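Engineer: Got a predicted structure here, sequence first:
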Amino acid sequence: METTTAATRSLATEAVHAGREDLAALGLHAAPLDLSTTYPSHDSRAEAARIDEFAATGARPDGPPVYSRLDNPTVARFEDALARLEGTEAAVAFASGMAALTATLLVRASAGLRHVVAVRPLYGCSDHLLTSGLLGTEVTWVDPGEIAEAIRPDTGLVMVESPANPTLAEQDLAAVAEAAGSVPLLVDNTFATPVLQRPCESGARLVLHSATKYLGGHGDVLGGVIACDEETARQLRQIRFATGGVLHPLAGYLLLRGLSTLPVRVRAQSATAAELVRRLAEDPRVTRVHYPRIGGAMVAFEVAGDPHEVISGVRLITPAVSLGSVDTLIQHPGSISHRIVPEDDRRSGGIDEKLLRMSVGLEDVEDLWRDLDAALSGAGSAVPAPADRPAVPAHAVPEPAMP
Ligand code: MET
(Lines give C-alpha, C1' and ligand atoms only; values in the text may rest on other atoms or scores of the structure.)
Protein backbone atom coordinates (compact mmCIF):
# COMPACT_ATOMS: atom_id res chain seq x y z
CA MET A 1 0.00 0.00 0.00
CA GLU A 2 3.02 2.26 0.38
CA THR A 3 4.51 1.45 -2.97
CA THR A 4 5.17 4.31 -5.35
CA THR A 5 4.26 4.01 -9.02
CA ALA A 6 7.86 4.69 -10.04
CA ALA A 7 9.39 1.77 -8.16
CA THR A 8 8.54 -1.44 -6.42
CA ARG A 9 10.29 -0.38 -3.21
CA SER A 10 8.19 1.04 -0.41
CA LEU A 11 8.23 4.70 0.54
CA ALA A 12 10.08 3.91 3.78
CA THR A 13 12.84 2.17 1.82
CA GLU A 14 13.06 4.93 -0.78
CA ALA A 15 13.31 7.50 2.00
CA VAL A 16 16.64 6.04 3.14
CA HIS A 17 18.04 4.82 -0.21
CA ALA A 18 16.85 7.11 -3.02
CA GLY A 19 19.53 9.49 -4.25
CA ARG A 20 22.24 7.36 -2.65
CA GLU A 21 22.37 4.31 -4.95
CA ASP A 22 25.92 5.03 -6.13
CA LEU A 23 27.44 5.54 -2.68
CA ALA A 24 28.63 1.97 -2.07
CA ALA A 25 30.38 1.91 -5.45
CA LEU A 26 32.07 5.17 -4.48
CA GLY A 27 33.21 3.55 -1.22
CA LEU A 28 31.04 5.93 0.80
CA HIS A 29 28.27 5.51 3.32
CA ALA A 30 27.10 9.11 3.91
CA ALA A 31 26.38 11.33 0.92
CA PRO A 32 29.29 13.66 0.10
CA LEU A 33 28.80 17.39 0.59
CA ASP A 34 30.20 19.25 -2.43
CA LEU A 35 30.59 22.94 -1.59
CA SER A 36 32.44 23.90 -4.79
CA THR A 37 31.13 26.98 -6.49
CA THR A 38 33.13 26.27 -9.64
CA TYR A 39 34.83 23.27 -11.23
CA PRO A 40 38.20 23.15 -12.99
CA SER A 41 38.44 21.93 -16.57
CA HIS A 42 41.24 22.21 -19.11
CA ASP A 43 38.78 21.36 -21.84
CA SER A 44 36.91 24.60 -22.48
CA ARG A 45 35.49 23.25 -25.74
CA ALA A 46 33.71 20.51 -23.78
CA GLU A 47 32.52 23.05 -21.20
CA ALA A 48 31.16 25.28 -23.97
CA ALA A 49 29.29 22.28 -25.35
CA ARG A 50 27.78 21.51 -21.94
CA ILE A 51 26.68 25.12 -21.50
CA ASP A 52 25.15 25.15 -25.01
CA GLU A 53 23.34 21.91 -24.29
CA PHE A 54 21.93 23.25 -21.01
CA ALA A 55 20.86 26.53 -22.61
CA ALA A 56 19.11 24.64 -25.40
CA THR A 57 17.44 21.91 -23.35
CA GLY A 58 17.61 22.57 -19.59
CA ALA A 59 18.64 18.93 -19.10
CA ARG A 60 21.03 18.28 -16.24
CA PRO A 61 24.49 18.55 -17.79
CA ASP A 62 26.39 15.29 -18.36
CA GLY A 63 29.95 15.08 -17.18
CA PRO A 64 31.71 17.32 -14.69
CA PRO A 65 29.71 20.23 -13.26
CA VAL A 66 30.48 23.71 -14.59
CA TYR A 67 29.28 26.13 -11.93
CA SER A 68 27.06 25.61 -8.90
CA ARG A 69 24.29 27.98 -10.05
CA LEU A 70 23.82 25.53 -12.91
CA ASP A 71 24.03 22.23 -11.08
CA ASN A 72 25.34 20.78 -7.81
CA PRO A 73 25.80 17.06 -7.14
CA THR A 74 24.69 17.19 -3.50
CA VAL A 75 21.52 19.12 -4.35
CA ALA A 76 20.91 16.68 -7.23
CA ARG A 77 20.82 13.78 -4.75
CA PHE A 78 18.06 15.50 -2.78
CA GLU A 79 16.16 16.24 -6.01
CA ASP A 80 16.39 12.61 -7.14
CA ALA A 81 15.22 11.34 -3.76
CA LEU A 82 12.26 13.73 -3.54
CA ALA A 83 11.19 12.89 -7.11
CA ARG A 84 11.20 9.22 -6.15
CA LEU A 85 9.06 9.87 -3.08
CA GLU A 86 6.56 11.98 -5.04
CA GLY A 87 6.54 9.48 -7.92
CA THR A 88 7.61 12.07 -10.51
CA GLU A 89 10.27 12.00 -13.23
CA ALA A 90 12.23 14.87 -11.74
CA ALA A 91 12.46 17.52 -9.06
CA VAL A 92 14.13 20.93 -9.06
CA ALA A 93 15.28 22.48 -5.78
CA PHE A 94 15.35 26.17 -4.90
CA ALA A 95 16.50 28.46 -2.11
CA SER A 96 13.01 28.50 -0.56
CA GLY A 97 9.46 27.49 -1.28
CA MET A 98 8.78 31.03 -2.50
CA ALA A 99 11.71 30.80 -4.94
CA ALA A 100 10.23 27.53 -6.21
CA LEU A 101 6.79 29.12 -6.74
CA THR A 102 8.40 32.15 -8.37
CA ALA A 103 10.27 29.97 -10.86
CA THR A 104 7.06 28.10 -11.70
CA LEU A 105 5.17 31.33 -12.36
CA LEU A 106 8.05 32.63 -14.49
CA VAL A 107 8.13 29.42 -16.56
CA ARG A 108 4.46 29.83 -17.42
CA ALA A 109 4.59 33.63 -17.87
CA SER A 110 7.58 33.30 -20.22
CA ALA A 111 5.32 31.19 -22.44
CA GLY A 112 2.78 34.05 -22.48
CA LEU A 113 0.54 32.27 -19.95
CA ARG A 114 0.31 34.91 -17.24
CA HIS A 115 -3.05 34.03 -15.74
CA VAL A 116 -3.39 31.81 -12.68
CA VAL A 117 -6.55 30.28 -11.24
CA ALA A 118 -6.18 29.61 -7.53
CA VAL A 119 -8.24 28.49 -4.54
CA ARG A 120 -7.94 30.14 -1.13
CA PRO A 121 -6.51 29.65 1.34
CA LEU A 122 -2.89 29.30 0.32
CA TYR A 123 0.13 30.05 2.48
CA GLY A 124 0.06 33.83 3.06
CA CYS A 125 3.12 34.69 0.97
CA SER A 126 1.89 32.51 -1.93
CA ASP A 127 -1.39 34.42 -1.77
CA HIS A 128 0.55 37.70 -1.72
CA LEU A 129 2.80 36.77 -4.64
CA LEU A 130 -0.26 35.98 -6.77
CA THR A 131 -2.49 38.83 -5.59
CA SER A 132 0.20 41.50 -5.85
CA GLY A 133 1.04 40.62 -9.43
CA LEU A 134 4.70 41.28 -8.58
CA LEU A 135 5.83 38.91 -11.31
CA GLY A 136 3.46 40.30 -13.93
CA THR A 137 0.96 37.52 -13.38
CA GLU A 138 -2.78 37.89 -12.76
CA VAL A 139 -4.83 35.69 -10.44
CA THR A 140 -8.49 34.75 -10.33
CA TRP A 141 -9.49 33.42 -6.91
CA VAL A 142 -12.25 30.84 -7.14
CA ASP A 143 -14.11 28.19 -5.20
CA PRO A 144 -13.08 24.70 -6.30
CA GLY A 145 -16.31 24.27 -8.28
CA GLU A 146 -15.56 27.39 -10.36
CA ILE A 147 -12.13 26.36 -11.66
CA ALA A 148 -13.18 25.18 -15.12
CA GLU A 149 -15.17 28.32 -15.92
CA ALA A 150 -12.36 30.62 -14.72
CA ILE A 151 -9.85 29.18 -17.20
CA ARG A 152 -8.94 31.54 -20.06
CA PRO A 153 -6.75 31.13 -23.15
CA ASP A 154 -3.85 32.72 -21.24
CA THR A 155 -4.25 30.60 -18.09
CA GLY A 156 -0.93 28.93 -17.36
CA LEU A 157 -1.53 27.37 -13.98
CA VAL A 158 -4.18 26.18 -11.55
CA MET A 159 -2.94 26.24 -7.97
CA VAL A 160 -4.29 24.70 -4.77
CA GLU A 161 -2.84 23.78 -1.40
CA SER A 162 -4.26 20.70 0.30
CA PRO A 163 -4.41 20.45 3.25
CA ALA A 164 -4.24 24.22 3.12
CA ASN A 165 -2.20 26.57 5.24
CA PRO A 166 -3.57 27.46 7.78
CA THR A 167 -7.13 26.06 7.86
CA LEU A 168 -6.24 22.52 6.75
CA ALA A 169 -9.08 22.68 4.18
CA GLU A 170 -8.76 19.78 1.75
CA GLN A 171 -9.39 19.65 -1.96
CA ASP A 172 -10.51 16.69 -4.05
CA LEU A 173 -7.32 16.71 -6.11
CA ALA A 174 -8.64 14.37 -8.81
CA ALA A 175 -11.67 16.65 -9.30
CA VAL A 176 -9.48 19.77 -9.37
CA ALA A 177 -7.14 18.14 -11.93
CA GLU A 178 -10.14 17.22 -14.05
CA ALA A 179 -11.46 20.80 -13.87
CA ALA A 180 -8.02 22.17 -14.81
CA GLY A 181 -8.10 20.11 -18.01
CA SER A 182 -4.98 20.80 -20.08
CA VAL A 183 -3.82 23.57 -17.74
CA PRO A 184 -1.13 22.23 -15.39
CA LEU A 185 -2.25 21.83 -11.78
CA LEU A 186 0.24 22.83 -9.08
CA VAL A 187 -0.45 21.36 -5.64
CA ASP A 188 1.33 22.68 -2.58
CA ASN A 189 1.94 19.43 -0.68
CA THR A 190 3.98 20.94 2.15
CA PHE A 191 1.55 19.93 4.90
CA ALA A 192 0.77 16.40 3.71
CA THR A 193 4.25 15.39 2.47
CA PRO A 194 4.52 12.43 0.06
CA VAL A 195 4.06 10.16 3.08
CA LEU A 196 0.34 11.03 3.21
CA GLN A 197 -0.39 12.19 -0.34
CA ARG A 198 1.26 12.11 -3.79
CA PRO A 199 -0.69 14.67 -5.83
CA CYS A 200 0.70 13.56 -9.21
CA GLU A 201 -1.12 10.25 -8.73
CA SER A 202 -4.35 12.33 -8.74
CA GLY A 203 -3.48 14.26 -11.91
CA ALA A 204 -1.39 17.18 -10.63
CA ARG A 205 1.48 18.12 -12.95
CA LEU A 206 3.58 19.95 -10.35
CA VAL A 207 4.03 19.44 -6.62
CA LEU A 208 5.40 22.28 -4.50
CA HIS A 209 7.10 21.89 -1.15
CA SER A 210 8.50 24.33 1.25
CA ALA A 211 11.33 21.91 2.05
CA THR A 212 11.99 24.04 5.14
CA LYS A 213 9.15 22.20 6.83
CA TYR A 214 8.70 18.41 6.99
CA LEU A 215 11.31 17.47 4.38
CA GLY A 216 14.08 19.06 6.43
CA GLY A 217 12.21 18.29 9.62
CA HIS A 218 14.52 19.94 12.15
CA GLY A 219 13.92 23.67 11.70
CA ASP A 220 17.48 24.30 10.53
CA VAL A 221 17.32 24.46 6.75
CA LEU A 222 15.50 26.75 4.32
CA GLY A 223 14.59 25.34 0.91
CA GLY A 224 11.94 24.69 -1.69
CA VAL A 225 11.36 22.13 -4.40
CA ILE A 226 9.08 21.36 -7.33
CA ALA A 227 8.47 17.72 -8.26
CA CYS A 228 7.28 17.37 -11.85
CA ASP A 229 7.82 15.80 -15.27
CA GLU A 230 11.25 16.12 -16.90
CA GLU A 231 10.01 18.58 -19.56
CA THR A 232 8.82 21.04 -16.90
CA ALA A 233 11.96 20.39 -14.83
CA ARG A 234 14.08 21.50 -17.79
CA GLN A 235 12.25 24.81 -17.95
CA LEU A 236 12.55 25.26 -14.20
CA ARG A 237 16.31 24.58 -14.31
CA GLN A 238 16.73 27.23 -17.01
CA ILE A 239 14.78 29.76 -14.94
CA ARG A 240 16.76 28.82 -11.83
CA PHE A 241 20.04 29.32 -13.69
CA ALA A 242 18.89 32.68 -15.06
CA THR A 243 17.47 34.02 -11.80
CA GLY A 244 19.81 32.38 -9.28
CA GLY A 245 17.42 31.13 -6.60
CA VAL A 246 19.50 28.00 -6.02
CA LEU A 247 19.46 25.74 -2.98
CA HIS A 248 22.75 25.82 -1.05
CA PRO A 249 24.57 22.45 -1.11
CA LEU A 250 24.59 22.25 2.69
CA ALA A 251 20.80 22.66 2.59
CA GLY A 252 20.67 19.90 -0.05
CA TYR A 253 22.73 17.66 2.23
CA LEU A 254 20.49 18.34 5.23
CA LEU A 255 17.33 17.83 3.19
CA LEU A 256 18.53 14.47 1.88
CA ARG A 257 19.28 13.45 5.45
CA GLY A 258 15.88 14.76 6.58
CA LEU A 259 14.10 12.59 4.00
CA SER A 260 15.52 9.46 5.68
CA THR A 261 13.32 9.95 8.71
CA LEU A 262 10.37 11.64 7.00
CA PRO A 263 8.03 8.61 7.11
CA VAL A 264 8.65 7.84 10.79
CA ARG A 265 8.49 11.49 11.80
CA VAL A 266 5.24 12.11 9.97
CA ARG A 267 3.60 8.98 11.35
CA ALA A 268 4.64 9.61 14.96
CA GLN A 269 3.78 13.31 14.85
CA SER A 270 0.43 12.55 13.21
CA ALA A 271 -0.51 10.06 15.94
CA THR A 272 0.15 12.69 18.61
CA ALA A 273 -1.73 15.31 16.60
CA ALA A 274 -4.77 13.04 16.30
CA GLU A 275 -4.86 12.60 20.09
CA LEU A 276 -4.55 16.35 20.68
CA VAL A 277 -7.37 16.90 18.18
CA ARG A 278 -9.55 14.51 20.14
CA ARG A 279 -8.91 16.43 23.38
CA LEU A 280 -9.29 19.87 21.79
CA ALA A 281 -12.59 18.84 20.20
CA GLU A 282 -14.03 18.04 23.65
CA ASP A 283 -12.67 21.19 25.28
CA PRO A 284 -15.14 24.00 26.04
CA ARG A 285 -12.37 26.62 25.66
CA VAL A 286 -12.08 25.61 21.99
CA THR A 287 -14.88 26.54 19.62
CA ARG A 288 -13.71 24.73 16.49
CA VAL A 289 -11.02 22.23 15.55
CA HIS A 290 -9.71 21.82 12.00
CA TYR A 291 -8.05 18.52 11.12
CA PRO A 292 -7.82 16.98 7.66
CA ARG A 293 -9.31 13.63 6.71
CA ILE A 294 -5.91 12.40 5.51
CA GLY A 295 -4.45 13.16 8.95
CA GLY A 296 -1.05 14.71 9.46
CA ALA A 297 0.76 16.61 12.15
CA MET A 298 -0.86 20.02 11.60
CA VAL A 299 -3.77 21.04 13.80
CA ALA A 300 -5.71 24.30 13.72
CA PHE A 301 -8.27 25.44 16.26
CA GLU A 302 -10.34 28.47 17.16
CA VAL A 303 -10.47 29.54 20.78
CA ALA A 304 -13.30 31.15 22.72
CA GLY A 305 -10.88 33.51 24.46
CA ASP A 306 -8.00 35.62 23.20
CA PRO A 307 -5.68 33.62 20.90
CA HIS A 308 -2.78 35.93 21.78
CA GLU A 309 -3.05 34.81 25.42
CA VAL A 310 -2.56 31.20 24.33
CA ILE A 311 0.56 32.21 22.40
CA SER A 312 1.91 34.05 25.42
CA GLY A 313 1.02 31.15 27.72
CA VAL A 314 2.85 28.20 26.16
CA ARG A 315 6.14 27.14 27.76
CA LEU A 316 7.07 23.75 26.24
CA ILE A 317 5.52 24.49 22.86
CA THR A 318 7.51 27.08 20.91
CA PRO A 319 5.49 30.17 19.94
CA ALA A 320 6.91 30.56 16.44
CA VAL A 321 5.86 30.59 12.81
CA SER A 322 6.94 27.74 10.50
CA LEU A 323 6.14 24.05 10.92
CA GLY A 324 7.29 20.52 10.36
CA SER A 325 10.05 20.44 12.94
CA VAL A 326 10.69 17.75 15.56
CA ASP A 327 9.44 20.19 18.22
CA THR A 328 5.93 21.59 18.48
CA LEU A 329 5.29 25.12 17.23
CA ILE A 330 2.20 27.29 17.56
CA GLN A 331 1.37 30.58 15.85
CA HIS A 332 -1.51 32.95 15.14
CA PRO A 333 -1.98 33.03 11.34
CA GLY A 334 -3.80 36.37 11.42
CA SER A 335 -0.69 37.94 12.99
CA ILE A 336 2.15 36.09 11.27
CA SER A 337 1.91 33.49 8.48
CA HIS A 338 -1.05 35.24 6.80
CA ARG A 339 -0.49 38.79 8.02
CA ILE A 340 0.41 39.97 4.54
CA VAL A 341 -3.00 38.86 3.23
CA PRO A 342 -5.59 41.66 3.66
CA GLU A 343 -8.13 40.92 6.40
CA ASP A 344 -11.05 40.59 3.98
CA ASP A 345 -9.13 38.09 1.87
CA ARG A 346 -8.17 36.16 4.99
CA ARG A 347 -11.83 36.01 5.92
CA SER A 348 -12.86 34.83 2.44
CA GLY A 349 -10.27 32.06 2.82
CA GLY A 350 -11.87 30.97 6.09
CA ILE A 351 -9.06 32.28 8.30
CA ASP A 352 -10.75 33.35 11.51
CA GLU A 353 -8.99 35.88 13.77
CA LYS A 354 -9.43 33.38 16.63
CA LEU A 355 -7.58 30.67 14.73
CA LEU A 356 -4.33 29.19 16.03
CA ARG A 357 -2.17 26.83 13.98
CA MET A 358 -0.07 24.18 15.68
CA SER A 359 2.61 21.98 14.16
CA VAL A 360 2.85 18.91 16.38
CA GLY A 361 6.32 17.57 17.05
CA LEU A 362 7.79 14.45 18.60
CA GLU A 363 7.29 15.32 22.26
CA ASP A 364 5.21 13.13 24.55
CA VAL A 365 1.50 13.80 24.10
CA GLU A 366 0.85 14.23 27.84
CA ASP A 367 3.55 16.90 28.13
CA LEU A 368 2.11 18.74 25.14
CA TRP A 369 -1.41 18.55 26.50
CA ARG A 370 -0.32 19.83 29.91
CA ASP A 371 1.28 22.85 28.26
CA LEU A 372 -1.65 23.50 25.96
CA ASP A 373 -4.14 23.04 28.77
CA ALA A 374 -2.32 25.60 30.91
CA ALA A 375 -2.04 28.05 28.01
CA LEU A 376 -5.74 27.68 27.21
CA SER A 377 -6.53 28.52 30.81
CA GLY A 378 -4.47 31.67 30.50
CA ALA A 379 -2.13 30.27 33.17
CA GLY A 380 0.92 31.87 31.61
CA SER A 381 -0.66 35.12 30.49
CA ALA A 382 0.54 37.08 33.54
CA VAL A 383 4.20 36.16 32.98
CA PRO A 384 6.10 39.35 32.07
CA ALA A 385 7.84 39.77 28.72
CA PRO A 386 11.40 38.34 28.63
CA ALA A 387 13.08 41.76 29.01
CA ASP A 388 11.21 42.49 32.26
CA ARG A 389 11.40 38.98 33.61
CA PRO A 390 13.33 38.43 36.86
CA ALA A 391 16.26 36.02 36.84
CA VAL A 392 14.38 32.75 36.90
CA PRO A 393 15.30 29.81 34.68
CA ALA A 394 13.78 30.12 31.21
CA HIS A 395 12.49 26.57 31.64
CA ALA A 396 10.46 27.31 34.78
CA VAL A 397 7.99 24.81 33.39
CA PRO A 398 9.10 21.38 34.62
CA GLU A 399 11.21 19.36 32.19
CA PRO A 400 9.19 16.61 30.55
CA ALA A 401 9.38 13.42 32.61
CA MET A 402 11.45 10.75 30.93
CA PRO A 403 9.70 7.41 30.57
C1 MET B 1 7.15 34.06 7.15
S2 MET B 1 5.69 33.42 7.63
C3 MET B 1 5.49 31.79 7.32
C4 MET B 1 6.43 30.69 7.19
C5 MET B 1 5.78 29.38 6.88
N6 MET B 1 5.51 29.22 5.47
C7 MET B 1 4.52 29.16 7.68
O8 MET B 1 3.43 29.04 7.16
O9 MET B 1 4.62 29.10 8.86
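Structural biologist: Sure thing, it's come through. Residues are numbered from 1 along each chain as shown.

Engineer: was I right about residue 205 contacting residue 229?
Structural biologist: Yes. When contacts are counted by CB atoms under 8 Å, residue 205 is listed as touching residue 229 (6.8 Å). Glycine gets a C-beta too; all of them are placed from N, C-alpha and C.

Engineer: Neighbour count: those two, which is higher?
Structural biologist: For residue 205 versus residue 229, the count of surrounding residues by other CB atoms under 10 Å is larger for residue 205: 22 against 15.

Engineer: Specify the local secondary structure of the residue of the chain found nearest the ligand.
Structural biologist: When distances are taken as CB to the nearest ligand atom, the chain reaches nearest to the ligand at residue 337, 3.8 Å away. Secondary structure state of residue 337, per DSSP: H, G, I helix; E, B strand; the rest coil, is coil.

Engineer: That one - how many residues pack around it?
Structural biologist: Using other CB under 10 Å, the number of residues around residue 337 comes to 20.

Engineer: Tell me, what's the model's pLDDT at it?
Structural biologist: Listed pLDDT for residue 337 reads 98.

Engineer: Hmm, residue 165 and it touching each other?
Structural biologist: Yes. Counting by CB under 8 Å, residue 165 is a contact partner of residue 337 at 6.7 Å.

Engineer: which residues do these two both contact?
Structural biologist: The contact sets of residue 337 and residue 165 overlap at 123, 124, 357 (CB atoms under 8 Å, 6 or more residues apart in numbering).

Engineer: Which ones among these map onto strands?
Structural biologist: residue 357 (DSSP state E).

Engineer: wait, what's in contact with residue 248?
Structural biologist: For residue 248, the contacting residues are residue 95, by CB under 8 Å, 6+ apart.

Engineer: repeat that for 7 Å
Structural biologist: Residues near residue 248 by CB atoms under 7 Å, 6 or more residues apart in numbering: none.

Engineer: Could you give the backbone dihedrals for it?
Structural biologist: Backbone torsions for residue 248, taken as degrees, to the nearest 10, come to phi -70, psi 140.

Engineer: Quick one: the shared contacts of residue 337 and residue 165 as JSON lines, columns for pLDDT, distance to the ligand and neighbour count too.
Structural biologist: Shown next, in JSON lines, are the shared contacts of residue 337 and residue 165 (pLDDT from 0 to 100; distance: CB to the nearest ligand atom, whole Å; neighbours: other CB atoms under 10 Å):
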{"residue": "123", "pLDDT": "98", "distance to the ligand": "5", "neighbour count": "24"}
{"residue": "124", "pLDDT": "98", "distance to the ligand": "6", "neighbour count": "23"}
{"residue": "357", "pLDDT": "99", "distance to the ligand": "8", "neighbour count": "25"}
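
Engineer: now stretch 309-328, how far from the chain's geometric center?
Structural biologist: Put simply, stretch 309-328 sits 18 Å off its chain's centre (CA atoms, centre = their mean, to the nearest Å).

Engineer: Would that stretch count as contacting the ligand?
Structural biologist: Yes. Using CB under 6 Å from any ligand atom, stretch 309-328 comes into contact with the ligand via 321, 322, 323.

Engineer: Pull out the buried positions in that stretch.
Structural biologist: Along stretch 309-328, these residues count as buried under the neighbour rule (16 or more other CB atoms under 10 Å): 309-325, 328.

Engineer: Quick check: pLDDT value at residue 8.
Structural biologist: For residue 8, the pLDDT comes out at 79.

Engineer: typed the wrong thing, it's residue 211
Structural biologist: 98.

Engineer: wait, doesn't it sit right on residue 225?
Structural biologist: Yes. At 5.1 Å, residue 211 and residue 225 qualify as touching, with contact defined as CB atoms under 7 Å.

Engineer: Could you check which of the two is surrounded by more residues?
Structural biologist: Using other CB under 10 Å as the criterion, residue 211 and residue 225 rank with residue 211 on top: 32 against 28.

Engineer: Quick check: nearest residue in space to the more buried one, chain neighbours excluded?
Structural biologist: Of all residues not flanking residue 211 in the chain, residue 223 sits nearest, at 3.7 Å (CB to CB, 6 or more residues apart in numbering).

Engineer: give me every residue that touches the one you found.
Structural biologist: Going by CB under 7 Å, 6+ apart, residue 223 touches 93, 94, 95, 96, 211, 212, 216, 247, 251, 255.

Engineer: Three-state assignment for the last one, please.
Structural biologist: Secondary structure of residue 255, reduced to three states by three-state DSSP: helix.

Engineer: how far away is residue 354 from residue 338?
Structural biologist: Distance of residue 354 to residue 338, given as CB to CB, to the nearest Å: 13 Å.
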